[in-house]
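*Asks:* Quick one, fold the following:
(one chain, ligands or ions: 1)
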Amino acid sequence: MSFEANYNQFTDFIPWSQQSPLRVLVVTAALPERDAVLRGLKSDPRFEVLLGGVGPVAAGVNTSRALAAANYNLVISAGFAGGFPNRAEVGSVVVGTEIVAADLGAETPEGFSSLNELGFGSTCIRTDKGLVDYVTKALVKAKLRVFNGPVLTVSTVTGTAETAKEMMARIPRAAAEAMEGYGVGFAALDQGLPVIEVRAISNMVGPRNRSAWRIREALEVLEAVFQVLSEVSI
Ligand SMILES: O=C(O)c1cccc(C(=O)CC[C@H]2O[C@@H](n3cnc4c(=O)[nH]cnc43)[C@H](O)[C@@H]2O)c1
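*Replies:* Alright, predicted model coming up:
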């Protein structure tokens, strides 16, 4: 289906799609992720791919800078992520329903208190539901293994079973953990733009085991994701 046909499908119910022409900023953390996304997109002119750096601060600052320099109407945070056990396995894709700054808060004798609970703002950025559903369906149709759920943003990669358990208790439906989504999402929100997070699962969240990382597989999945997105022209 052509870009215009798909684009028009949204015009009844997704405000961002009424803005024309569609320009999408994709923010990746590292070079291999950026290159995989570019290979998938095959020079689709509607997409710009930014190397935003690792972690929420670098990603947020670089996204803000890019959004200030040009007009976009959609932002995508993309790359690898850890999958939570029984939620998203290695080689699958997670399309985030929410972006949650999972370690932004305070440790108290009673346990962790999020920024929300402390009354200092929100740790949760909502993603565009219509777009999340649309992207999910397109990826499933392309035979990718896709899961939906909150994607956590952390400043410290989880490296023990205890912390993984704690994260799952804190955000029970969490599907994946990465390090940039909240920064990218905050910058998009600041400009009034919709955001989604799409992650290829390279490892499981839990005890540190670098030999179990499946980077090449995750890169292939990331490339396939953006090939699909280019073909359905979100
Ligand atoms: O040294 C380690 O044990 C280790 C384990 C997981 C990830 C790292 C990184 O430095 C990668 C950071 C990079 O990749 C994304 N990512 C991928 N998997 C995870 C994860 O399980 N938890 C958090 N982030 C992850 C992340 O978005 C960064 O861009 C090192």
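
*Asks:* tell me the contacts of the residue in the chain that the ligand sits nearest to?
*Replies:* Nearest to the ligand, among the residues of the chain, is Gly82, at 2.2 Å (CB to the nearest ligand atom). Yep, even glycine has a C-beta here, placed from its N, CA and C like the rest. Gly82 makes contacts with Val157, Thr158, Ala176, Glu177, Ala178, Ile201, Ser202, Asn203, Met204, Val205, Gly206, as judged by CB atoms under 8 Å, 6 or more residues apart in numbering.

*Asks:* Which residue, other than its chain neighbours, is closest to the spatially most central residue of the chain?
*Replies:* Nearest to the geometric centre of the chain sits Glu197, at 1.9 Å (CA atoms, centre = their mean). Closest residue in space to Glu197, ignoring its immediate chain neighbours: Gly96 at 3.8 Å, by CB to CB, 6 or more residues apart in numbering.

*Asks:* could I get the lengthiest helix in the chain in CSV with only the CA atoms?
*Replies:* Longest helix in the chain, counting residues (DSSP state H): helix 215-232. What follows is helix 215-232, C-alpha atoms only, in CSV (Å, rounded to 0.1, in the frame of the first residue of the first chain):
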residue,chain,number,x,y,z
ILE,A,215,23.6,-8.2,18.8
ARG,A,216,23.7,-9.4,15.2
GLU,A,217,20.2,-10.9,15.5
ALA,A,218,18.9,-7.7,17.1
LEU,A,219,20.4,-5.6,14.3
GLU,A,220,18.7,-7.8,11.7
VAL,A,221,15.4,-7.4,13.5
LEU,A,222,15.9,-3.6,13.8
GLU,A,223,16.6,-3.4,10.0
ALA,A,224,13.5,-5.5,9.3
VAL,A,225,11.4,-3.2,11.5
PHE,A,226,12.3,-0.1,9.6
GLN,A,227,12.0,-1.8,6.2
VAL,A,228,8.4,-2.5,7.2
LEU,A,229,7.8,1.0,8.5
SER,A,230,9.2,2.4,5.3
GLU,A,231,6.9,0.1,3.2
VAL,A,232,3.7,0.9,5.1
